[in-house]
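Visitor: Mind folding the following:
(chains A and B)
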Amino acid sequence: MTKKQKKTLLRILIAALLLAAVAVTVHFVPMPQWAKLLLFVLPYLAVGHPVLYDAAHNIVRGNVFDEKFLMTLATMGAFFVGEYPEATFVMLFFEVGELFESIAVGKSRRSVAALTELCADTARLVENGQTREVSPEEVAVGMHILVQPGERIPLDGIVTEGTASLDTAALTGESLPRSVSPDDAVLSGCICTDGVLTVRVTKPYEESTVARILELVENAGIHKAKSEKFITRFAKYYTPCVVAGALLLGIVPPLFSGSTGDWSVWSEWISRAMVFLVISCPCALVISVPLSFFGGIGGASAKGILVKGSDHLEHLSMCSTVVFDKTGTLTNGTFSVKDIRPCDGITQETLLRTAASAESRSNHPLAKAVCAAAATYETPETVHEQAGLGVTATIGGKTVAVGSRRLMEQNAISVTEENDAAAAVYVAQDGKYMGSIVLSDTVKPDAAQAIAALRKHGVRRICMLTGDREQAAAEVAAELGIDEVYASLLPEDKVRIACKLRDECKKGEKLAFVGDGINDAPVLTCADVGIAMGAFGSDAAIEAADVVLMNDRPTDIAAAMAVSVKTKRIVKQNIVFALGVKFAVLLLSAVGIAGMGIGIFADVGVCVLAVCNAMRTQYGRF
Amino acid sequence: MRKQFKMEDLDCANCAAKMEEAIRKIDGVSYVSISFMAQKMVIEADDARFDDIMKQAAKAVKKVDRNCEVLL
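Guide: Reported below is the predicted structural model:
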């Protein structure tokens, strides 16, 4: 609790004790009406004086529909008609409600600010072989910093010395430690769990991963959701309407009752009108909506899902079409050996080994995949690499050619098989064809699961866009159960198709595009919800996307949708519940069934319950 | 020019909405959004009169809740 909250609590406690004492005294000691009034005014003022002060201040400035003014009016009215304990009670509970609200909001703000703890307070700057502690803001690009075991990395950079395991959980929610060694990039916010690292800083503090993430999550509230806008618009009319209702209720029925001179009739209707005033504050509604979204965004960010605005969180669950980029999003973008097809008389091992030996010095992605698949290989004597064709090498005196079909044709080697695979290397030794090795891009292990989860969330249309060839795209699509595939696309084609698909969505439905965030920026911006994956540290993605998945996991899309669904459900519950109770109590008090006590429940009680409900968004499994 | 300001002691969500409403009416303001949860205001206004507009905005904030402060 803050100092201010503690003071309020103290005020409430004192007033509550006073009220109890006064109530007991009045009950047992007979006294005139004016003495009772004086006694009840004591706890009333004890708890409510700041409210009265603010109310006076506000009315001078013409804020008639200010909640404090209305609460003051309601309680004064209650005193006026002789309901002293009720009046004091209402003021007391109003303050209890305010205090509770402020604690809940503070707690929620802090839980998001827990991300703030990602920031290291100091950096150990290395200068002339000595280290000194400075604030991270002071460190410039190119300087070296030292990170010791247990410390958070204060700035983004590249390791120059030392090896260590990094705990990236705070950034990504991922519990598996990542090991780094010299030349590896490290991100601020990670904890160095063991070992000492020297890091050359590559970004100033303001541009470091931690600062950007923090800003992103904090500012998410700026982009308001539709339901939030609705509720503030509603509140704008609600209060004046209820106040007008109170006015009418307090004046019209007694005027037309035929007993205008009868004070008891006036007193009855005025006290009903006062209940209206107590319920006229729309706080419960207005606060619970942004609080829910804030909690949802906070809860998601703890799992490595960054949502850049309440509106995006709202849209996520409305997506009926999800469009994926292939490479880097559904697949790892790295190749692996899928099939080895040797000619008769040659074993698979021999073929793979021969190919790997020839390609052992090549940096081509296919060559690397072949080498990774082979258990052992020999060192070639000579290697000649032709870009786009392949490698010719001498191994143990034999000439080996490994590469594309064109390389085989160039060396007048007849390929004896038909091969329709997307990626394959052909192998020949001393002019004789040995066989082929088929490679494919590896699909991410959770990609199929992610697609299934999306379907469960009501996504009807799942498409894939790729610049890759038809064949490769179709293979991946078939493996994952994707509905539509658009292959051989140029970047501008991707934008065009994504826009076309978006226009095909029904009203009230949205299109999400999931890309790897580096080259998909234009498509990310054109989609209703742009989701960037594998964006760990990529500036372009954080800029262009609406949702950033820090973990590179396709299943997080469904997780983000689940957060969205849960948040929206809670928002809806709160709106229906708060409005329902308020209208019911308005009705009941108009006919004289509900009194001040129920009125204060409809205001403060509903507020407390709605806030509690809203707080649920940041917890729980999604 | 679009700028972001921190706000202090912004205690009520309804007030934030009222402030937004009031600031939107200031001449030269093209966009304003106040996040009650983040205690921040993003405002986009005429460059030439920006400082003057911000003064008016701070005043509008004070009018709704005298305890609330815009950190200019």
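Visitor: nearest residue to the residue in chain B positioned nearest to chain A other than its sequence neighbours?
Guide: Nearest residue of chain B to chain A (Cβ to the nearest Cβ) works out as residue B:35 at 3.3 Å. Bear in mind the C-beta positions are built from the backbone N, C-alpha and C, glycine included. Excluding the flanking residues, the one nearest residue B:35 by Cβ to Cβ, 6 or more residues apart in numbering or on different chains is residue A:221, at 3.3 Å.
Visitor: Am I right that the one you found is in contact with residue A:290?
Guide: Yes. Here residue A:221 reaches residue A:290: they are 6.2 Å apart, a contact under Cβ atoms under 8 Å.
Visitor: Please identify every residue contacting each of the two.
Guide: Taking Cβ atoms under 8 Å, 6 or more residues apart in numbering or on different chains as the contact criterion, the residues that touch both residue A:221 and residue A:290 are A:310, B:35-37.
Visitor: Look up how far residue A:305 lies from the spatially closest residue to residue A:329 that is not a sequence neighbour.
Guide: Among residues not flanking residue A:329 along the chain, residue A:516 sits closest, at 5.0 Å (Cβ to Cβ, 6+ apart). Per Cβ to Cβ, to the nearest Å, residue A:516 is found 16 Å from residue A:305.
Visitor: Also residue A:598?
Guide: Residue A:598 sits 42 Å away from residue A:305, going by Cβ to Cβ.
Visitor: higher neighbour count, the two?
Guide: Neighbour count, other Cβ atoms under 10 Å in any protein chain shown: between residue A:598 and residue A:305, residue A:305 has more, with 26 against 19.
Visitor: Quick one: name whatever helix or strand follows the longest helix that chain B contains.
Guide: If you go by DSSP state H, chain B has its longest helix at helix B:50-64. The element immediately downstream of helix B:50-64 (helix or strand, assigned by DSSP states H and E) is strand B:69-71.
Visitor: strand partners of that following strand, parallel vs antiparallel please.
Guide: strand B:2-8 (antiparallel) (DSSP bridges).
Visitor: Put the alpha carbons of the helix or strand following the strand it pairs with into PDB.
Guide: Where DSSP H and E defines the elements, the next helix or strand beyond strand B:2-8 is helix B:13-24. Output in PDB follows, covering the C-alpha atoms of helix B:13-24 (Å, rounded to 0.1, in the frame of the first residue of the first chain):
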ATOM      1  CA  ALA B  13     -10.900   5.600 -15.100                       C
ATOM      2  CA  ASN B  14     -14.000   7.700 -15.700                       C
ATOM      3  CA  CYS B  15     -12.000  10.900 -15.000                       C
ATOM      4  CA  ALA B  16      -9.500   9.700 -17.700                       C
ATOM      5  CA  ALA B  17     -12.300   9.500 -20.200                       C
ATOM      6  CA  LYS B  18     -13.600  12.900 -19.200                       C
ATOM      7  CA  MET B  19     -10.100  14.400 -19.600                       C
ATOM      8  CA  GLU B  20      -9.700  12.800 -23.000                       C
ATOM      9  CA  GLU B  21     -13.000  14.300 -24.000                       C
ATOM     10  CA  ALA B  22     -12.100  17.800 -22.800                       C
ATOM     11  CA  ILE B  23      -8.700  17.700 -24.400                       C
ATOM     12  CA  ARG B  24     -10.100  16.600 -27.700                       C
END
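Visitor: Report all helices and strands that the very next helix or strand once past helix B:13-24 contacts.
Guide: Later in the chain than helix B:13-24, the nearest helix or strand by DSSP H and E is strand B:29-35. Judged by 3 or more Cβ pairs under 8 Å, 6 or more residues apart in numbering or on different chains; DSSP states H and E, strand B:29-35 is in contact with helix B:13-24, strand B:40-45, helix B:50-64.
Visitor: Check which residues of stretch A:401-419 are buried.
Guide: A:401-405, A:407-408, A:411, A:413 (16 or more other Cβ atoms under 10 Å in any protein chain shown).
Visitor: do stretch B:1-16 as well
Guide: By 16+ other Cβ under 10 Å, the buried positions in stretch B:1-16 come out as B:5, B:7, B:10-16.
Visitor: Stretch A:218-234 now?
Guide: By neighbour count on 16+ other Cβ under 10 Å, the buried set for stretch A:218-234 is A:218-225, A:227-228, A:231-232.
Visitor: follow-up on the earlier one: need the max-distance pair from the buried residues of stretch B:1-16.
Guide: Using Cβ to Cβ, these span at most 19.9 Å, a distance reached by B:5 and B:14.
Visitor: still on that earlier bit, show me the contacts for the residue of chain B closest to chain A.
Guide: Per Cβ under 8 Å, 6+ apart, neighbours of residue B:35: A:219, A:221-222, A:290, B:16, B:41-42.
Visitor: Tell me the spacing between residue A:90 and residue A:365.
Guide: 73 Å.
Visitor: The two - which one has more neighbours?
Guide: residue A:90 (27 against 14).
Visitor: I'd say that one and residue A:73 touch.
Guide: No. Using Cβ under 8 Å, residue A:90 is not in contact with residue A:73; the gap is 11.1 Å.
Visitor: so which strand or helix has residue A:578?
Guide: Using DSSP H and E, residue A:578 falls in helix A:555-590.
Visitor: what's the following helix or strand after that helix?
Guide: Counting by DSSP H and E, the next helix or strand C-terminal to helix A:555-590 is helix A:596-600.
Visitor: Pull out the buried positions in that next one.
Guide: Using 16+ other Cβ under 10 Å as the test for burial, helix A:596-600 gives A:596, A:598-600.
Visitor: go on, stretch A:365-373?
Guide: Buried, per 16+ other Cβ under 10 Å, within stretch A:365-373: A:366-367, A:369-371, A:373.
Visitor: Also stretch A:342-362?
Guide: A:342-343, A:346, A:350-360, A:362.
Visitor: swap in stretch A:191-211?
Guide: Within stretch A:191-211, the residues scored as buried using 16+ other Cβ under 10 Å are A:191-192, A:195, A:197-201, A:203-205, A:208-211.
Visitor: Helix, strand, or coil at residue A:183?
Guide: At residue A:183 the chain is in coil, as set by DSSP: H, G, I helix; E, B strand; the rest coil.
Visitor: tell me, how many neighbours does it end up with?
Guide: For residue A:183, using other Cβ under 10 Å, the count is 8.
Visitor: Ok, residue A:31 next?
Guide: Around residue A:31 there are 11 other residues, counting by other Cβ under 10 Å.
Visitor: cool, residue A:161 as well?
Guide: Using other Cβ under 10 Å, residue A:161 is surrounded by 14 other residues.
Visitor: Just confirm it contacts residue A:200, I think it does.
Guide: No. Under the criterion of Cβ under 8 Å, residue A:161 is not in contact with residue A:200, lying 9.5 Å apart.
Visitor: Touching, residue A:203 and residue A:141? I think so.
Guide: Yes. Shown here, residue A:203 and residue A:141 form a contact pair, counting by Cβ under 8 Å, at 6.5 Å.
Visitor: so what's residue A:335 closest to, chain neighbours aside?
Guide: residue A:369 is the one closest to residue A:335 (Cβ to Cβ, 6+ apart), at 4.0 Å.
Visitor: any idea which element that neighbour lies in?
Guide: Counting by DSSP H and E, residue A:369 is found in helix A:365-373.
Visitor: if we can go back for a sec, which ones among the buried residues of helix A:596-600 also lie next to chain B?
Guide: Among the buried residues of helix A:596-600, not one lies near chain B by Cβ under 8 Å from any Cβ of the partner chain.
Visitor: Can you lay out those residues as a markdown table showing pLDDT?
Guide: Below are the buried residues of helix A:596-600 laid out as a markdown table (pLDDT from 0 to 100):
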| residue | pLDDT |
| --- | --- |
| A:596 | 83 |
| A:598 | 87 |
| A:599 | 87 |
| A:600 | 85 |
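Visitor: Could you chop chain A up by domain?
Guide: Split into domains by automatic domain parsing, chain A comes to A:3-112+A:223-292+A:567-618, A:305-327+A:444-550, A:332-442.
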